[in-house]
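S.K.: with the sequence up front, the predicted model follows.
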Amino acid sequence: MAQAMRPNAGGNGLFATDGKPHPVQDTLLAVTLVLGLTSFISAMFDDLHLLSSWTGLVGILTGAYGQWISETTRERFGLIVGLGASAVGFFLGMAHGGLFGGLFD
């Protein structure tokens, strides 16, 4: 019955961590979430298409890089939420006027 005495290190739920610090991944996670939230909220207003499209594009890029170097499920979960919000904001911003806002009309 030795297995009953061992802690379950691998199955600590959705936000399981390995107990080590990941400052780069955590920074990318925070930046992606902030950019995604900004892009998503600003996409609801037609006049803010420059803000929503640029923050969405940068949020997609930081989220993609964060996914590439992420090490835990907690990081990946937050990055996917930020990536989704960034993508929605980016596409709505593109639909409302794009990255350059009619400079080339």
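M.R.: That came in fine, so what should we check first?

S.K.: the residue nearest the centre of the chain: which element?
M.R.: The centre of the chain sits closest to G82, judged by C-alpha atoms, centre = their mean, with a distance of 2.5 Å. Secondary structure from DSSP states H and E places G82 in helix 73-96.

S.K.: how far off centre is that helix?
M.R.: Computed by C-alpha atoms, centre = their mean, to the nearest Å, the chain-centroid distance of helix 73-96 equals 6 Å.

S.K.: equivalent analysis for stretch 66-75, please.
M.R.: 11 Å.

S.K.: what does that stretch contact?
M.R.: 14-18, 22, 24-26, 28-29, 32, 76, 79-80, 83 (C-beta atoms under 8 Å, 6 or more residues apart in numbering). Quick note: C-beta positions are derived from backbone N, CA and C, even for glycine.

S.K.: now do the end-to-end distance for that stretch.
M.R.: 8 Å (C-alpha to C-alpha, to the nearest Å).

S.K.: in it, what's buried?
M.R.: Buried residues in stretch 66-75, counting neighbours by 16 or more other C-beta atoms under 10 Å, are found at 66-67, 70, 72, 74-75.

S.K.: which phi and psi values does G98 adopt?
M.R.: phi 90, psi -170 (degrees, to the nearest 10).
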